[in-house]
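Chemist: Make a model of this:
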Amino acid sequence: MSRTLVSTLLASALTLSTLSAAQAAPATYAIDPTHTFVTFEVKHFGTSTNRGRFDKKQGTVTLDVAARTGKAEISIDMASISTGTAAFDGHLKSKDFFGVDSFATATFVGDKFVFDGDKVSEVSGTLTLLGKTQPVTLKATSFNCFDHPRLKREVCGGDFETTIQRSAFGMNYGVPMIPDQVKLVIQVEAVKQ
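Modeler: Predicted structure coming up:
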């Protein structure tokens, strides 16, 4: 084999090795607040379902698909609650429920990611609400990454769900007439940085 051919093959192998390493490296994504919402659902005296969402949130997600690892850190502004009814929002902000004067933010930190192929299927971590931290596991009902045509960057996201017991965080108002079980849904999209 000629020296030039050997040099070319070595250079090509080194380039491929470098590209593979770059693709396997962890990537950081910033939460897109216009496509990310935290919503909740709870039965109202066993009849209809009350729903609400938090409009202000921020955070980052780090994904390493090759290593099957990740980390999510999301902060939620509890005063940004919106149910569509101002009086109900005011009651939810009070010390009966979220106590936003004393506990302005809630945080989710997920550090255990489960993958199904190259898609995230579950994220486990902790939720801090009303100053108390409890373990939670969010199940993905969908997950996808795509090249955003306008942003010219990769965007990853999906819908994640869990059910918590609000009393575990000290939110006892109305239990058991207003159920202890609260369904949380996190719709998230994050832009690669």
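
Chemist: Need the three-state assignment for A72.
Modeler: Put simply, A72 is strand when judged by DSSP: H, G, I helix; E, B strand; the rest coil.

Chemist: Pretty sure it sits against V120.
Modeler: No. Applying C-beta atoms under 8 Å as the test, A72 and V120 come out as separate, 9.4 Å apart. Quick note: C-beta positions are derived from backbone N, CA and C, even for glycine.

Chemist: Look up which residues are beta-bridged to V188.
Modeler: G158 (DSSP bridges).

Chemist: brain fart, K183
Modeler: The residues that K183 bridges to, once DSSP bridges is applied, are E41, T163.

Chemist: That one reaches K43, doesn't it?
Modeler: No. Here K183 does not reach K43: they are 9.6 Å apart, not a contact under C-beta under 8 Å.

Chemist: Count the neighbours of T85 for me.
Modeler: 12 (other C-beta atoms under 10 Å).

Chemist: what do you get for G157?
Modeler: G157, neighbours per other C-beta under 10 Å, totals 24.

Chemist: Report the separation between the residue nearest to it when sequence neighbours are not counted and V123.
Modeler: Once flanking residues are discounted, G157 sits nearest to E189: 3.5 Å by C-beta to C-beta, 6 or more residues apart in numbering. Taking C-beta to C-beta, to the nearest Å as the measure, E189 falls 15 Å from V123.

Chemist: Out of the two, name the residue with the larger neighbour count.
Modeler: V123 (27 against 20).

Chemist: Can you tell me the SS state at the more buried one?
Modeler: With three-state DSSP as the criterion, V123 reads strand.

Chemist: from what I can see it touches P135, true?
Modeler: No. Between V123 and P135 there is no contact under C-beta under 8 Å: 11.7 Å.

Chemist: list the contacts for R51?
Modeler: Contacts for R51 (C-beta atoms under 8 Å, 6 or more residues apart in numbering) come out as T39, F40, E41, T83.
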